[in-house]
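Visitor: Coordinates for the following, if possible.
(2 chains)
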Amino acid sequence: MSEKSVTVRNLTMSFKEVQAVKGISFEVARGEVFGLVGPDGAGKTTTMRILAAILTPDSGEAQILGLSSATEREKIHDRIAYMSQRFGLYQDLTVEENMEFYADMYGVKRSELKASMDKLLDWSGLTQFRSRPAGKLSGGMKQKLGLACALIHTPELLLLDEPTNGVDPVSRKEFWNLLYKLVDEGLTIIMTTAYLDEAERCHSLAFMDRGKITARGTPEEIVDLIPGGVLKFNSDNPFEESNRITESTEAVSTVFGSQVHVMGNIKEEEIERSIDRKPDIIRSRGSVEDAFVYLSEIETDHG
Amino acid sequence: MVKQEEKKQEQPAVVIDHLTKKFGDFTAVDDISFTVNKGEIFGFLGANGAGKSTTIRMLCGILKPTSGRGIVGGVDISKTPEKVKTFIGYMSQKFSLYDDLTIQENLNFFAGIYGVKDRKAAVKRAVISAGLTGKEKKITGSLPVGWKQRLSLASALMHEPAILFLDEPTSGVDPITRRKFWETIRSISQKGTTVFVTTHYMLEAEYCDRLSIMRAGKVIALGTPGELKQMNHKNSLEEVFVSLVQEEAVQ
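Guide: Next up, the predicted model:
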């Protein structure tokens, strides 16, 4: 696992006066699912486009499968797949025709196409729908077809930019099962997501905020960055009580349904004082979502 | 929470009674019944293609039901669908904003559509409520997702609707933006607006007062987030959803 699929060093990228990426460095091991998470506008999509060798960075370097993203674009494109939220499927072409189209675009040899296509159809469960127009597939199936098309040239690295937006939980679960099967075969996956329950499924994570990476590690390590864990209690007015805690203490507070989550070296008594009542407070380990809120708020306060 | 008790005494905001919609041989919505109380945040969950959008389009007076009855804000959706549109607000995941117009121009446009009387005052109020003061002249297309979301919500609330329909309102926004959005929704509902929301994200469903889960045109579960977890002996709504929807699929 020590072999690196991607190595990024001091990458920067600006658009006019906006510096979208401010000197980031990270490595992704071969066969790993790596999640890039962070608030909107953090620079995640820009980073993904540099990794896909679509954008050239202003400075720093990105080695993709041992190739330079600045000078060996074509070679990188032959060996990676990039799937953005708006993956282009031809609605009036059938499942098979869409796959053939992408195969031709990637220059897959016709002699190899059939085997590759059969394998992907079987893997995605689309075999029985191979003659159906893409426009007539359900949302979850369209997404699987998009992925099958992206993989038609057997890439070694798959880049997914928010792949599960607007997909229901059952289809999302199936999508993840498919991703894990690919990883078992040695594929490396780098993905961005706004949904942090999904980030828990990655092997390792990087938190990005305003162009910088502010934390890195496994999901467990990221959760451990919340000092003292998370204090949780139920509330009839969760937003109001959460705001009162934020205003009167140094702690970071957030709302999860009807529960208030409080983080950052705070005692139960301080919570009781700020909300003027004694709820049943449970101290427990947080989630990646809690850690995200904690890290973002800490950055905002002190950064 | 005293207010919650009072709310229940009032007439329900939405009454659905054996509502059915067929497209040819296909039954998209199959005999569903439930009520939504005034000021309630009602979550409408289901797999892609379960019949959620069809139901919402009927409730908004866009689609005519095949049979059954739907009363929205006291108005029968089959008899006078045009009346429904005057007191509902609708915000979709695509935001329905004009990207090449400024913030102010978008709000002005929606105020016009909704027939708001004092347009200038309404636009001003909307800018403040969306936290976009000083940004009125910015072009909408160039705004961050979180701002677009707030602008879209402000547009949908321009005419102070009694019932607000939100169709996957936070698709693709980060957790902090999402939480702020829900804080706003909560305060809107506390002022008496009923909120009807669809989502695929179970962390978001936790913010709803009550939830219904649809599959293949039918409502297969209805209750508070806590009740649904308890009834199905699961720790998370995600597990509840997956077990119910998959179980049904097997049958």
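
Visitor: Which residues are in contact with the nearest residue to B:Val145 once chain neighbours are set aside?
Guide: Spatial nearest neighbour of B:Val145, excluding adjacent residues (Cβ to Cβ, 6 or more residues apart in numbering or on different chains): A:Asp40 at 4.7 Å. Bear in mind the C-beta positions are built from the backbone N, C-alpha and C, glycine included. By Cβ atoms under 8 Å, 6 or more residues apart in numbering or on different chains, the residues touching A:Asp40 are A:194, B:144-146, B:173-174, B:177.

Visitor: Are any of these buried, and if so which?
Guide: A:194, B:145-146, B:173-174, B:177 (16 or more other Cβ atoms under 10 Å in any protein chain shown).

Visitor: Around chain B, pick out the residues from chain A.
Guide: Within chain A, the positions lying close to chain B (Cβ under 8 Å from any Cβ of the partner chain) are A:38-41, A:85, A:138-140, A:162, A:165-173, A:194-197, A:236-237, A:239, A:254-258, A:289, A:292-293, A:296-297.

Visitor: Go ahead and build a PyMOL selection from the buried members of those.
Guide: Applying 16+ other Cβ under 10 Å to these leaves a buried subset, and the PyMOL line that selects it is:
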select buried, chain A and resi 38+39+40+41+85+140+162+165+166+167+168+169+170+171+172+173+194+195+196+197+239+254+255+256+257+258+289+292+293+296+297
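
Visitor: Inside strands: which ones of the residues of chain A next to chain B?
Guide: A:254-256 (DSSP state E).

Visitor: Any idea how far apart the tips of stretch B:188-206 sit?
Guide: End-to-end span of stretch B:188-206 (Cα to Cα, to the nearest Å): 17 Å.

Visitor: Okay, buried residues for that stretch please.
Guide: In stretch B:188-206, counting by 16+ other Cβ under 10 Å, buried: B:188-190, B:193-206.

Visitor: low pLDDT regions in the stretch 101-250 of chain B?
Guide: B:247-250 (pLDDT under 70).

Visitor: so A:Ile245 touches A:Ser274, yeah?
Guide: Yes: if you go by Cβ atoms under 8 Å, A:Ile245 and A:Ser274 touch, sitting 5.0 Å apart.

Visitor: Pick out the residue of the stretch 101-250 of chain B closest to chain A.
Guide: Residue of the stretch 101-250 of chain B nearest chain A, by Cβ to the nearest Cβ: B:Glu206 (2.8 Å).

Visitor: just checking, that residue touches B:Gly226?
Guide: No: B:Glu206 lies out of contact with B:Gly226 (Cβ under 8 Å); the separation is 9.5 Å.

Visitor: Backbone torsions only: list them for B:Tyr207.
Guide: Dihedral angles of B:Tyr207 (phi, psi; degrees, to the nearest 10) stand at phi -80, psi -10.

Visitor: In contact with the nearest residue to it once chain neighbours are set aside, which residues are there?
Guide: Take B:Tyr207 and drop its neighbours on the chain: the residue closest to it by Cβ to Cβ, 6+ apart is B:Trp182, 4.7 Å away. The contact partners of B:Trp182, taken as Cβ under 8 Å, 6+ apart, are A:239, A:255, B:204, B:207.

Visitor: Tell me the spacing between the second one and A:Phe239.
Guide: Here the criterion is Cβ to Cβ, to the nearest Å. By it, A:Val255 lies 6 Å from A:Phe239.

Visitor: Which residues are in contact with each of those two?
Guide: Counting by Cβ under 8 Å, 6+ apart, the residues touching both A:Val255 and A:Phe239 are B:182-183.

Visitor: Backbone dihedrals for the residue of chain A found nearest chain B, please?
Guide: Chain B sits closest to A:Gly257 of chain A, with a gap of 2.8 Å, by Cβ to the nearest Cβ. With angles defined as degrees, to the nearest 10, A:Gly257 shows backbone torsions of phi 60, psi -120.

Visitor: what's the farthest-apart pair in the contacts of B:Trp182?
Guide: A:Phe239 and B:Glu204 (14.4 Å; Cβ to Cβ).

Visitor: List the contacts of the residue nearest the centre of chain A.
Guide: Taking Cα atoms, centre = their mean, the centroid of chain A lies closest to A:Thr192, which sits 2.4 Å from it. Residues in contact with A:Thr192, defined by Cβ under 8 Å, 6+ apart, are A:35-37, A:44-45, A:48, A:160-162.

Visitor: what's the most distant pair in those?
Guide: Farthest pair in those (Cβ to Cβ) is A:Gly35 and A:Thr45. Separation: 14.0 Å.

Visitor: Neighbour count: those two, which is higher?
Guide: A:Gly35 (25 against 18; other Cβ atoms under 10 Å in any protein chain shown).

Visitor: Could you pull up the contacting residues of the more buried one?
Guide: A:Gly35 touches A:190-193, A:198-199, A:202, A:204-206, counting by Cβ under 8 Å, 6+ apart.

Visitor: Can you pick out the ones from those residues that are in helices?
Guide: A:198-199 (DSSP state H).

Visitor: Make CSV from the contacts of A:Gly35 and add pLDDT to it.
Guide: Shown next, in CSV, are the contacts of A:Gly35 (pLDDT from 0 to 100):
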residue, pLDDT
A:Ile190, 97
A:Met191, 96
A:Thr192, 93
A:Thr193, 87
A:Glu198, 87
A:Ala199, 91
A:Cys202, 96
A:Ser204, 96
A:Leu205, 96
A:Ala206, 96
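
Visitor: Now do residue 49, the pLDDT please.
Guide: No chain was given, so I picked chain A. With respect to pLDDT, A:Arg49 scores 93.

Visitor: um, chain B though
Guide: Reported pLDDT for B:Gly49: 80.

Visitor: Give me the distance between it and B:Val245.
Guide: For B:Gly49, the distance to B:Val245 - Cβ to Cβ - is 11 Å.

Visitor: Then A:Ile189?
Guide: From A:Ile189 to B:Val245 the distance is 26 Å (Cβ to Cβ).

Visitor: for A:Met48, same thing?
Guide: 31 Å.

Visitor: Filter the buried residues of stretch B:188-206 down to just the ones in helices.
Guide: Going by DSSP H, the helices hold B:188-190, B:202-205 from the buried residues of stretch B:188-206.

Visitor: farthest-separated two in those residues?
Guide: Largest pairwise distance in these, by Cβ to Cβ, is 23.4 Å, between B:Gln190 and B:Met202.

Visitor: For chain A, just list every one of the helices.
Guide: A:44-51, A:73-79, A:95-105, A:110-124, A:139-150, A:169-184, A:196-199, A:219-223, A:238-248, A:268-275, A:288-302.

Visitor: As JSON lines, those helices with distance to B:Thr80 would be great.
Guide: Formatted as JSON lines, the helices of chain A follow (distance: least, Cβ to Cβ, whole Å):
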{"stretch": "helix A:44-51", "distance to B:Thr80": "46"}
{"stretch": "helix A:73-79", "distance to B:Thr80": "58"}
{"stretch": "helix A:95-105", "distance to B:Thr80": "44"}
{"stretch": "helix A:110-124", "distance to B:Thr80": "47"}
{"stretch": "helix A:139-150", "distance to B:Thr80": "33"}
{"stretch": "helix A:169-184", "distance to B:Thr80": "37"}
{"stretch": "helix A:196-199", "distance to B:Thr80": "43"}
{"stretch": "helix A:219-223", "distance to B:Thr80": "53"}
{"stretch": "helix A:238-248", "distance to B:Thr80": "37"}
{"stretch": "helix A:268-275", "distance to B:Thr80": "47"}
{"stretch": "helix A:288-302", "distance to B:Thr80": "44"}
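
Visitor: Out of those, which gets the lowest mean score?
Guide: helix A:288-302 (a mean of 82).

Visitor: tell me what it is packed against?
Guide: helix A:196-199, strand A:204-209, strand A:212-217, helix A:219-223, strand A:252-256, strand A:259-263, helix B:175-190 (3 or more Cβ pairs under 8 Å, 6 or more residues apart in numbering or on different chains; DSSP states H and E).
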